[in-house]
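Colleague: only the shape, not the letters, is given here:
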């Protein structure tokens, strides 16, 4: 048995290791993002956006090229130290097609060849063979030969030997995956006739020969890539005096309809003159260029082509997702700007009234509190300065830090404390409603402070008898830190501007727990607050909508709440909000097919909430993934301009929202950083919420750590403590 001190060290090391382990809620989203980026980069590599080299070397001298190569045929054999060249015998033509396979033109070329019982050699690039393996397999099945044309089509005279080996091996890997073969034929990109070989390209040809390849150029160029017309292509491709030839054509790289039309006339025309269209090795009387691939090499090739197909498919989905998120973002911004302007014009008109007379009846203010010792005094004192007659009911939900004792020790009039065993926020609110004296109920959080006019402004919409609930204007009080400033932008722009839009559309999804008001009759008709979800405020709001009540937004009913001050706390809060919102959407899903007010909310409100609060934030990281890819691999300038365009739209919306809320614009300086980093936090939260929902997990209520620093600007709460040195100790 190990000594006690050693066992202790081992246990401590184990605990340290477990602490260093990345939490699953972070690991899984990170893995998803890495996988997305990997698939995007693989697609970029296969589409010649990454590691591609498009330089073309100008002509050089040919002093070091053997004369027998310059004066020889189009087939160059430099294998095993030999330097020879070969020509195709008379009345034999070897048609060669470069740069394919192409999904549009290669099948048409193959159809024409099959129609006229002709064979050809297809010099394929690895990028195209990887993307369209079925076409390579068809070439082989129909008796054609396949040769290498490198993977990314670079000018090899610029490349190192290791890059040349890479181009060849990757091209062979694509062939193995597509058709289960290797080939010994090779054609260099940008090649021409043998007499065009120079001192830069010849060393490459020698090296490639040392790797076991037969280099094939051409001696008859159809020049079909110029699209000179069908007759010209046929004339260029026809050899003189019955001689044999290797004819250069293309089945990819652009519109090849002239090539296909010319081929359909060219083949029967020359066949009638006694020409045979054969594979290169058949024309030379040599063994087949193809070698079957088996075993591990075959599986490597198949794995490669599978990954390429997957990357194309996944990237296509990501592009669709990017289009969706782009459409959602722009649509949301346009709607918010238009409808919030309409809302502001309506409620700020000098003749606007909620009803025939202002609401003056007393109000019950419910403050559910669980371990809010640091905040509760500020909260209650802010209520005591209310300009509207109120009673305050603090429901202590089993606090262990003396929250109830702090309120009782204040000895304030019209303030009652109700104690209960810990049962959760919905139970505490229902207990408060049961003990409230008045028919208008205001609910707030224990970490929130009201301005003197907040309650009065919050209850004025009840002058309209159709109004069942009112959402107030929740604002971030602790906005001095960067993460606080980000949340401040989110509250002003994302929440309150949204609420103006939802008010006009009559589908307000959430009465904020920090500042909301309800008719007692509306609460009673829907069964009160429910603990079916973790977002009881969203749940009750949706229920009230479905019961036929109007839910509106009171912009002047400002409440100052304490936002999370760390990423961990922010994650905990938003995880609960996101998961609870999903639960509420699922709970009220039947509203989509119901009639009346419930059906209207189900067919308007639920889709809006699902799109803008669940789907859009989940897809938002795609903007950053494509931004990063575009900046690194191009087109850099267009990518940056596009991102700045989206950011400009967001700045306009944010500035308008700040103007409506009469907030200083200085916090918008952090908006670009918020759009880059804050979005990733929300992505992690939403992805983890989806995983929890899909796996049937249960999320527990998560209590945030409070500091008690929030006070209403200009309000009556004294500056009695700060975030670091003046925290009140919990009452025993």
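Modeller: Received, thanks. Everything numeric in this text was worked out from a predicted model, so none of it was measured.
Colleague: where is the longest strand in the protein?
Modeller: strand 550-561 (DSSP state E).
Colleague: by contact count, what packs against the helix or strand just after that strand?
Modeller: For strand 550-561, the following helix or strand on the C-terminal side (DSSP states H and E) is helix 567-587. Other elements packing on helix 567-587 under the criterion 3 or more C-beta pairs under 8 Å, 6 or more residues apart in numbering; DSSP states H and E are helix 482-489, helix 536-546, helix 596-609, helix 679-694. To be clear about C-beta, it is placed using only N, CA and C from the backbone, and glycine gets the same treatment.
Colleague: buried ones in helix 567-587, by neighbour count?
Modeller: Buried residues in helix 567-587, counted by 16 or more other C-beta atoms under 10 Å: 569-585, 587.
Colleague: then stretch 306-313?
Modeller: So for stretch 306-313, counting by 16+ other C-beta under 10 Å, buried means 307-309, 311-312.
Colleague: closest to residue 663 out of the helices and strands packed on helix 567-587?
Modeller: helix 482-489 (7.9 Å; C-beta to C-beta).
Colleague: give the buried residues for the closest one.
Modeller: In helix 482-489, counting by 16+ other C-beta under 10 Å, buried: 483-489.
Colleague: if we can go back for a sec, nearest to residue 101, out of the helices and strands packed on helix 567-587?
Modeller: So among the helices and strands packed on helix 567-587, helix 679-694 is nearest, using C-beta to C-beta, at 38.1 Å.
Colleague: quick one: list the elements packing against that closest one.
Modeller: helix 24-46, helix 567-587, helix 616-619, helix 621-633.
Colleague: export these to TSV and tack on distance to residue 126 and mean pLDDT?
Modeller: Formatted as TSV, the helices and strands packed on helix 679-694 follow (distance: least, C-beta to C-beta, whole Å; pLDDT from 0 to 100):
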stretch	distance to residue 126	mean pLDDT
helix 24-46	8	78
helix 567-587	44	84
helix 616-619	32	74
helix 621-633	18	76
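Colleague: so for the residue nearest to residue 597 when sequence neighbours are not counted, what's the pLDDT?
Modeller: Spatial nearest neighbour of residue 597, excluding adjacent residues (C-beta to C-beta, 6 or more residues apart in numbering): residue 548 at 4.0 Å. With respect to pLDDT, residue 548 scores 94.
Colleague: what separates residue 548 from residue 459, distance-wise?
Modeller: 20 Å (C-beta to C-beta, to the nearest Å).
Colleague: the two: which is more packed in?
Modeller: More crowded of residue 548 and residue 459, by other C-beta atoms under 10 Å: residue 459, with 27 against 15.
Colleague: ok, the more buried one touching residue 470?
Modeller: Yes - contact status for residue 459 versus residue 470: in contact at 7.1 Å, counting by C-beta atoms under 8 Å.
Colleague: list residues touching both of these two?
Modeller: Counting by C-beta atoms under 8 Å, 6 or more residues apart in numbering, the contacts common to residue 459 and residue 470 are residue 517.
Colleague: gap between the residue nearest to residue 597 and residue 246?
Modeller: For residue 548, the distance to residue 246 - C-beta to C-beta - is 82 Å.
Colleague: list phi and psi for residue 423.
Modeller: phi -130, psi 0 (degrees, to the nearest 10).
Colleague: name the nearest residue to it, sequence neighbours excluded.
Modeller: Per C-beta to C-beta, 6+ apart, closest to residue 423 is residue 397, 6.4 Å.
Colleague: what is the neighbour count of that neighbour?
Modeller: 24.
Colleague: over to residue 71?
Modeller: By other C-beta under 10 Å, neighbour count at residue 71 equals 10.
Colleague: the residue nearest to residue 423 touches residue 427, doesn't it?
Modeller: Yes - if you go by C-beta under 8 Å, residue 397 and residue 427 touch, sitting 7.4 Å apart.
Colleague: hey, what's in contact with both of these two?
Modeller: residue 420.
Colleague: for residue 550, grab the count of nearby residues.
Modeller: By other C-beta under 10 Å, neighbour count at residue 550 equals 19.
Colleague: likewise for residue 501?
Modeller: 23.
Colleague: check which helices and strands the host helix or strand of it sits against.
Modeller: Element membership for residue 501 (DSSP H and E) is helix 497-505. Using 3+ C-beta pairs under 8 Å, 6+ apart, the elements in contact with helix 497-505 are helix 295-347, strand 550-561, helix 596-609, helix 636-660.
Colleague: elements contacting the helix or strand following the first one?
Modeller: Sequence-wise, the next helix or strand beyond helix 295-347 is strand 363-369, with elements assigned using DSSP H and E. Helices and strands touching strand 363-369, as assessed by 3+ C-beta pairs under 8 Å, 6+ apart, comprise helix 376-384, strand 390-397, helix 425-435, strand 440-443, helix 454-459.
Colleague: what's in contact with strand 363-369?
Modeller: For strand 363-369, using C-beta under 8 Å, 6+ apart, the contacting residues are 376, 379-380, 383, 386, 388-397, 399, 403-404, 425, 428-429, 432-433, 436-438, 440-446, 455, 459, 517.
Colleague: which of these are buried, as a ChimeraX select command?
Modeller: Selection of buried members from these for ChimeraX, criterion 16+ other C-beta under 10 Å:
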select :376,379,380,383,386,388,390,391,392,393,394,395,396,397,399,403,404,425,428,429,432,433,436,440,441,442,443,444,445,446,455,459,517
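Colleague: flag the shaky bits of the stretch 1-150 of the chain, pLDDT-wise.
Modeller: 1-26, 29 (pLDDT under 70).
Colleague: output the below-cut-off pLDDT ranges for the stretch 601-732 of the chain.
Modeller: 634, 692-732.
Colleague: mind redoing it with 50?
Modeller: Applying pLDDT under 50 to the stretch 601-732 of the chain flags residues 699-702, 715-732.
Colleague: with residue 107 as the reference, measure out to the spatially most central residue of the chain.
Modeller: Taking C-alpha atoms, centre = their mean, the centroid of the chain lies closest to residue 622, which sits 2.2 Å from it. Going from residue 622 to residue 107 by C-beta to C-beta gives 33 Å.
Colleague: residues in contact with the residue nearest to residue 73 when sequence neighbours are not counted?
Modeller: Using C-beta to C-beta, 6+ apart and skipping residues adjacent in sequence, the residue nearest residue 73 is residue 87, 3.4 Å away. Residue 87 makes contact with 72-75, 219, 244, according to C-beta under 8 Å, 6+ apart.
Colleague: turn those residues into JSON lines, including distance to residue 32 and neighbour count.
Modeller: JSON lines is the format used below for the contacts of residue 87 (distance: C-beta to C-beta, whole Å; neighbours: other C-beta atoms under 10 Å):
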{"residue": "72", "distance to residue 32": "57", "neighbour count": "20"}
{"residue": "73", "distance to residue 32": "55", "neighbour count": "21"}
{"residue": "74", "distance to residue 32": "51", "neighbour count": "26"}
{"residue": "75", "distance to residue 32": "51", "neighbour count": "24"}
{"residue": "219", "distance to residue 32": "54", "neighbour count": "22"}
{"residue": "244", "distance to residue 32": "57", "neighbour count": "21"}
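Colleague: how about the nearest residue to residue 151 once chain neighbours are set aside, what does it touch?
Modeller: Of all residues not flanking residue 151 in the chain, residue 126 sits nearest, at 3.3 Å (C-beta to C-beta, 6+ apart). By C-beta under 8 Å, 6+ apart, residue 126 lies in contact with 148, 150-152, 167, 170-171, 173-175.
Colleague: so which residues of the stretch 101-250 of the chain form strands?
Modeller: Along the stretch 101-250 of the chain, counting by DSSP state E, counting those that start in this stretch, strands occupy 120-124, 145-148, 181-183, 185-186, 214-216, 220-221, 245-250.
Colleague: ok, which of these comes nearest residue 259?
Modeller: strand 245-250 (5.7 Å).
Colleague: now for that closest one, which elements pack on it?
Modeller: strand 92-98, strand 220-221, helix 257-271.
Colleague: hmm, try it at 6 Å
Modeller: strand 92-98, strand 220-221 (3 or more C-beta pairs under 6 Å, 6 or more residues apart in numbering; DSSP states H and E).
Colleague: so residue 446: helix, strand or coil?
Modeller: Look at residue 446: counting by DSSP: H, G, I helix; E, B strand; the rest coil, its state is coil.
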